[in-house]
Structure formats: C-alpha cells, structure tokens
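Peer 1: Requesting a structural model of the entry that follows:
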Amino acid sequence: MAIENPENNLSDKSFWDEYLKKYQPRIVERVVFADIFEKYLTPNPTKTALEVGCAGGNFLCYLAKKFKYQAFGVDYSDGIETTKILFQFNKLPEPTLYKKDFFKWHPGRQFEIVCSFGFVEHFENFPEVIKKHADLVSPGGMLIITMPHFAHVQYFFHWILDRENLRRHNTKIMNLKSLRKALTGLPFEIKYLNYYQTIGFWTEKKNLNGFEQFLNQAIRLFCRLVNGLFGYNHPNPLISPHIVLVARKKS
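Peer 2: Numbering: from 1, shown residues only. Just a heads-up that it's a prediction; the model follows:
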C-alpha cells in the first residue's frame, strides 16, 4: 500500500515493507466483503481486475479464484512480491504486477474492476486518490473502495489503544459524505455506499503491555456482546468498522 508521495502520504514505504516481512501465504477461501462481491460482481474470465495497494494480495486472489478475473495489481512496497507468492500458493495464474507509485503510474489502459481495500484513507489528497481510481475504470466497469471506519466509538477505541496507527489514517474522510462528494461530477452510478458490519475491532499495535492487553480483550468482548445482541449485519455510523463503496461507470 506504499506510495511515493510524501507530501500527502500518512504512511511511508518503509512501514509497509516492514509490515509485510512476516507474511505467510494461505489458501484463500473467503474474505471480508465477500457478500458484497457476490452481490455486484459476476464471474467472467475475460474481465480484468486491478487492485490498488495489492501487497498481501488476499482480495485480488479471491477475485481471481471466485470470479476468474485476470488479475492486475499495483503497489510501491517491496512486499508486492507476497501477492505473487499467494497466487502460486493458491495454484492460480500469475498476476500482472506493477511496482510503481500509483500517482505516477500510467498503464495506458483501463480495467473492468478497479478496487482498493484500506488504501484511500492513508492520504490527505482524498479527491485526487478517488479520481485516479475512477480514471482507471473502463466504461461499464465497477469501482470498489473500502476503508476502515475510525470515527465515533471506533475512534475512541483506537485512541486509547493504538494512537500511532490512528495517525496513519485520514479520519476526517471516514464517512459516506466524503465518498459521495469525491464522486460528484464523475461518470458513476453508486450501487452501494454504506457502513459495513455491526461492530468489530482490530489493532496493528504489537507487544501490548498488560493494561493494553486488558483493554484489547475488553473491547473485543464488548464487540462480541453487541454482535450477539444485534447480529453481525447492522451497518451504522456509530460503531461499524468499515465503509464500502460500489459504483458502476456509465458507458
């Protein structure tokens, strides 16, 4: 997910290189947002799917395996090689990968599906990031963007337990209005724009001390209780952990 664009980038290449050093491939059977993919996408081996910020590759691998798409990915991190490893591990055709700065990358083509997962919120120039995604979608194609929802109660959880990770995210744009506004004037029809899941929590912080471990366990217990009471599929602006956009480019 690294981008060589320091004036707008809230995380840098070295962070993602280090983050992916301990990567271990797995058999990809199902991923978060699979229900969204299955509702709005159809299998077609002639279609191309591009993941922006593809290092790690779980989502791109799922799209290639489930929908038979021709897989493409772009990422500036050295960890982009993990995507190739994952495809090999899952016995899939090798993806076409570009180790490039997304903002300076000009592939000279468009793709039927363009997607990113937890990418756009790492930048201050949010409209520019969305526009770059949108330009890469072919007419009639689909744009899928997800980001974490570190606002309201979720912001409090991360502030008390993982402020360093919070600083790597542009929390100001973590709402439906920001995505809708960023698409204004672009030739897209929004098919789905909402919060995702009822509640959930994760932290990137390693080596939690005793008190932090207690807080982490308490938050996770709270999440389990809420999900037990209300179920897992009640999107809401207060405690939902993700935001998802699906939009179709007009032909």
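
Peer 1: Assumed residue 189 was part of a strand.
Peer 2: Yes. The assignment for residue 189 is a strand, going by DSSP: H, G, I helix; E, B strand; the rest coil.

Peer 1: Just the element for the nearest residue to it once chain neighbours are set aside, please.
Peer 2: Distance criterion CB to CB, 6 or more residues apart in numbering; nearest residue to residue 189, sequence neighbours excluded, is residue 248 at 5.0 Å. (Each C-beta comes from the backbone N, C-alpha and C, glycine too.) Element membership of residue 248 [criterion: DSSP states H and E] is strand 242-249.

Peer 1: Need phi/psi at the closest residue to residue 171 other than its chain neighbours.
Peer 2: Distance criterion CB to CB, 6+ apart; nearest residue to residue 171, sequence neighbours excluded, is residue 150 at 5.1 Å. With angles defined as degrees, to the nearest 10, residue 150 sits at phi -90, psi 70.

Peer 1: In the stretch 1-150 of the chain, what residue spans correspond to helices?
Peer 2: 13-19, 34-40, 58-67, 81-89, 126-135 (DSSP state H, counting those that start in this stretch).

Peer 1: counting contacts, what elements does the fourth one pack onto?
Peer 2: Right, helix 81-89. In this structure, helix 81-89 packs against helix 58-67, with contacts taken as 3 or more CB pairs under 8 Å, 6 or more residues apart in numbering; DSSP states H and E.

Peer 1: thinking again about what came up before, will you turn the helices of the stretch 1-150 of the chain into CSV that also has distance to residue 218 and mean neighbour count?
Peer 2: As requested, those are exported to CSV (distance: least, CB to CB, whole Å; neighbours: other CB atoms under 10 Å):
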stretch, distance to residue 218, mean neighbour count
helix 13-19, 26, 16
helix 34-40, 29, 14
helix 58-67, 28, 22
helix 81-89, 33, 18
helix 126-135, 33, 19
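
Peer 1: and those, which one is worst for confidence?
Peer 2: Comparing mean pLDDT across the helices of the stretch 1-150 of the chain, the lowest value falls on helix 13-19: a mean of 59.

Peer 1: Can you dump the C-alpha atoms of stretch 45-62 in CSV for me?
Peer 2: What follows is stretch 45-62, C-alpha atoms only, in CSV (Å, rounded to 0.1, in the frame of the first residue of the first chain):
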residue,chain,number,x,y,z
PRO,A,45,-12.6,-14.9,-17.4
THR,A,46,-12.4,-12.2,-20.0
LYS,A,47,-12.6,-9.4,-17.4
THR,A,48,-9.7,-7.7,-15.7
ALA,A,49,-9.5,-6.8,-12.1
LEU,A,50,-6.9,-4.2,-10.7
GLU,A,51,-6.2,-3.9,-7.0
VAL,A,52,-4.6,-0.7,-6.0
GLY,A,53,-2.3,-1.3,-3.0
CYS,A,54,-2.2,-5.1,-3.7
ALA,A,55,0.7,-6.2,-1.5
GLY,A,56,-0.5,-9.2,0.5
GLY,A,57,-3.0,-10.0,-2.2
ASN,A,58,-5.8,-11.7,-0.4
PHE,A,59,-8.6,-9.7,-2.0
LEU,A,60,-7.1,-9.9,-5.5
CYS,A,61,-6.6,-13.6,-5.1
TYR,A,62,-10.2,-14.1,-4.0
